[in-house]
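Asks: Prediction below, plus the sequence it came from.
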Amino acid sequence: MRSWCTSLTRSEQPGISACLIGWRCTLPSTTTARQYLHRRCKGRSTKYLLRPALAIASLVIQLAAAAASLPIPSSDVIHMLAPTGELRVALYVGTPTSILSPTDRRGVGYQLGHDLAEALGVPYRPIIFSKNSDVLAAIKTATADVAFTNASPERALDMDFTQAYLAIELGYLAAPKTAIETIAAIDRSGVKVGVTAKSSSDGYLSSHLSAATVVRVPNFDEGIRLMTRGYLDVYATNKASLFEMAEKLPGAHMLAGNWGEEQHGIAIPKGRDAALPFLRSFVTSEIDNGRVAEAIKQAGLRGTMPPVAQ
């Protein structure tokens, strides 16, 4: 926040920077801001300066209030979350929940990772994988420091999670030539259901579908290829990823309804749980100050639900 204010006081609007130099982000109200500006601008014409300066003052106060909910991390917490001196964030391509592509770096995980590195005061190092199983392996082996992913009970055995910052419906994308039109028609003999190998969808559907065949594929691109060739009837994962797949697969359509939901939280390697209180405060701050909502909008993420309170 202090660095943001420093850049703000050097506004290119004539005269405003001179009135705002030395301002701290602790002004309790716009009334105080007005008094402060009158005092700083004494002897100058404020006719053209006061209104834009007060708008800036109001914005600074709102941002300061949002930042106030996030405690300053201790040196121990910083070292625990970024032991190499930089924050290594594990991401995987093809989904707005993580990152769309190495060249299109929109994604909720990518943005929140950037914000977390900034909050810790360390360099941000995104590590981009082609599939989510590699992300999970990186957290399990501590070759990455954080990931933004579905906090399933199975994954919690290998890593620790914060509370959810995002919830997404789980659904099915029907292939262009399939005859399946409803979720109820899926669990039948001869129906092939694609899932990403070692994903939470894989774990759940492999044990809950009794008649349909679960087909494991390495990533979304391979799932699209198999659906195009008619080897899969439907693909199952969160709807945010399914909408992205549908845009690359003409004729595919989302089946109405859902078969569950994902609760996404921040994952860290086991043994770093002392940093969880700070991370939980970070998640609360990102939700309250609108950063999560902003990241969702910028990434074009669809299929979201309010996260379950924890």
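Replies: Nice, thanks for sending it over.

Asks: which stretches of the stretch 101-250 of the chain form strands?
Replies: For the stretch 101-250 of the chain, strands defined by DSSP state E, counting those that start in this stretch occupy the ranges 124-129, 146-150, 159-161, 166-174, 192-196, 213-217, 234-238.

Asks: For the longest one, give the mean pLDDT please.
Replies: Which is strand 166-174. Per-region confidence: strand 166-174 scores 96 on mean pLDDT.

Asks: how far out from the middle of the chain is that strand?
Replies: 16 Å (C-alpha atoms, centre = their mean, to the nearest Å).

Asks: now do stretch 232-247
Replies: 19 Å.

Asks: cool, and stretch 262-273?
Replies: Distance of stretch 262-273 from the chain centroid (C-alpha atoms, centre = their mean) equals 13 Å.

Asks: Output that stretch as CSV, restricted to C-alpha atoms.
Replies: Only the C-alpha atoms of stretch 262-273 are listed here, as CSV (Å, rounded to 0.1, in the frame of the first residue of the first chain):
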residue,chain,number,x,y,z
GLU,A,262,-15.3,-28.0,-6.3
GLN,A,263,-14.1,-25.8,-3.4
HIS,A,264,-10.8,-24.1,-4.4
GLY,A,265,-8.3,-23.1,-1.8
ILE,A,266,-4.6,-22.3,-1.5
ALA,A,267,-2.5,-25.5,-1.2
ILE,A,268,0.9,-25.6,0.5
PRO,A,269,3.3,-28.4,1.2
LYS,A,270,2.9,-30.4,4.5
GLY,A,271,5.1,-29.0,7.3
ARG,A,272,4.3,-25.3,6.6
ASP,A,273,1.0,-25.2,8.5
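
Asks: In it, which residues are buried?
Replies: Buried residues in stretch 262-273, counted by 16 or more other C-beta atoms under 10 Å: 262, 263, 264, 265, 266, 267, 268, 269, 272. Heads up, the C-betas are built off the backbone N, CA and C, glycines and all.

Asks: for the fourth one, phi and psi?
Replies: Meaning residue 265. phi -130, psi 180 (degrees, to the nearest 10).

Asks: from now on call the first residue 36
Replies: All set: I'll call the first residue 36, so the last point we hit is now residue 300.

Asks: That one contacts residue 318, correct?
Replies: Yes: counting by C-beta atoms under 8 Å, residue 300 touches residue 318, with 7.3 Å between them.

Asks: Overlap of the contact sets of the two?
Replies: Residues touching both residue 300 and residue 318 by C-beta atoms under 8 Å, 6 or more residues apart in numbering: 197, 198, 200.

Asks: of the residues you listed, closest to residue 334?
Replies: Minimum separation from residue 334 among these (C-beta to C-beta) is found for residue 200, which lies at 13.4 Å.

Asks: secondary structure element for the closest residue to the closest one other than its chain neighbours?
Replies: If the residues on either side of it in the chain are set aside, residue 200 comes closest to residue 318, at 4.9 Å by C-beta to C-beta, 6 or more residues apart in numbering. In the assignment (DSSP states H and E), residue 318 maps to helix 311-323.

Asks: Buried residues in that helix, which are they?
Replies: Along helix 311-323, these residues count as buried under the neighbour rule (16+ other C-beta under 10 Å): 311, 313, 314, 315, 316, 317, 318, 320, 321, 322.

Asks: Give the phi and psi angles for residue 107, as a check.
Replies: The phi/psi pair for residue 107 (degrees, to the nearest 10) reads phi -70, psi 130.

Asks: Let me know how buried it is, in neighbour terms.
Replies: With neighbours defined by other C-beta atoms under 10 Å, the count for residue 107 comes to 9.

Asks: try residue 260
Replies: 13.

Asks: which stretches of the stretch 136-285 of the chain form helices?
Replies: 143-155, 167-175, 235-243, 255-263, 274-282 (DSSP state H, counting those that start in this stretch).

Asks: Dump these into JSON lines; add distance to residue 128 and mean pLDDT as well.
Replies: Converted to JSON lines, the helices of the stretch 136-285 of the chain look like this (distance: least, C-beta to C-beta, whole Å; pLDDT from 0 to 100):
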{"stretch": "helix 143-155", "distance to residue 128": "10", "mean pLDDT": "97"}
{"stretch": "helix 167-175", "distance to residue 128": "10", "mean pLDDT": "96"}
{"stretch": "helix 235-243", "distance to residue 128": "17", "mean pLDDT": "94"}
{"stretch": "helix 255-263", "distance to residue 128": "8", "mean pLDDT": "96"}
{"stretch": "helix 274-282", "distance to residue 128": "10", "mean pLDDT": "93"}
